[in-house]
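Participant: Got a predicted model here, sequence first, then my questions.
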Amino acid sequence: LMPEPWQLSLAELVDEVDEILRMGFEQEFLEQYVLRRVAEGDGAGPEHLARTLQHLRGAFDMHSTDPVERTLLEAVEGAFLNGIDAAAERRVSAISDWEKAVIWLDLSEPPPPGASALPPPPTTARRRRSSEPQPTGADDEGG
């Protein structure tokens, strides 16, 4: 037996949403007790919601010809997309000075084609220099 949808935390609800959708509840019930909570995104991370949506897209025929099923699946997809946005927004707003980081990233120059976006770590660069053969000066004396 499974608890009623309103008795679950959002993370638990998201984990069980596949099974809940297969139980045959009316769309109005699902919208009121399941999809509304998913759309709020409070209590589940955006990654969790995105992974679940990806799973649901594979588990259900999102291009169903049945208009009732199609309407329900569109509502499910919309609720998850809204929940992802809401959960991500809460996470981003918790980061101080986030706006400055986004502006900096937007203004940075992209690396040239084929180049690494990051420079090698300093320890790697030092090891390379120390492992290169060092001129001894013997060639200059004998030459």
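Facilitator: Thanks, I have the structure now. Numbers count the residues shown, from 1 in each chain.

Participant: drop to CA atoms for contacts and neighbour counts, all remaining ones
Facilitator: OK.

Participant: mind listing the helices for this protein?
Facilitator: 10-22, 27-30, 36-40, 46-59, 67-93, 98-107, 122-131, 138-142 (DSSP state H).

Participant: Look at Arg129 and report its pLDDT.
Facilitator: For Arg129, the model assigns a pLDDT of 51.

Participant: Equivalent analysis for Glu31, please.
Facilitator: Looking at Glu31, the pLDDT reads 93.

Participant: just Arg126 next, same as before
Facilitator: 48.

Participant: you'd agree Arg36 is up against Phe80?
Facilitator: No - the criterion here is C-alpha atoms under 8 Å, and Arg36 misses it with Phe80 at 9.6 Å.

Participant: Of those two, which one has the most company?
Facilitator: Phe80 (26 against 16; other C-alpha atoms under 10 Å).

Participant: For the more buried one, give me its contacts.
Facilitator: The contact partners of Phe80, taken as C-alpha atoms under 8 Å, 6 or more residues apart in numbering, are 35, 38-39, 49-50, 53.

Participant: cool, and Leu53?
Facilitator: Going by C-alpha under 8 Å, 6+ apart, Leu53 touches 77, 80.

Participant: about what we covered before: so which of the contacts of Phe80 is the closest to Ala86?
Facilitator: Ala39 (7.5 Å; C-alpha to C-alpha).

Participant: Name the nearest residue to the closest one, sequence neighbours excluded.
Facilitator: In space, and not counting its chain neighbours, Ala39 is closest to Gly83: 3.9 Å by C-alpha to C-alpha, 6 or more residues apart in numbering.

Participant: Can you list phi and psi of Gly41 for me?
Facilitator: phi 60, psi 20 (degrees, to the nearest 10).

Participant: all numbers from here: first residue = 817
Facilitator: In the new count, where the first residue is 817, that last one comes out as Gly857.

Participant: which ones are touching it?
Facilitator: Gly857 touches 826, 898-903, counting by C-alpha under 8 Å, 6+ apart.

Participant: Thr868 too?
Facilitator: Per C-alpha under 8 Å, 6+ apart, neighbours of Thr868: 830-831.
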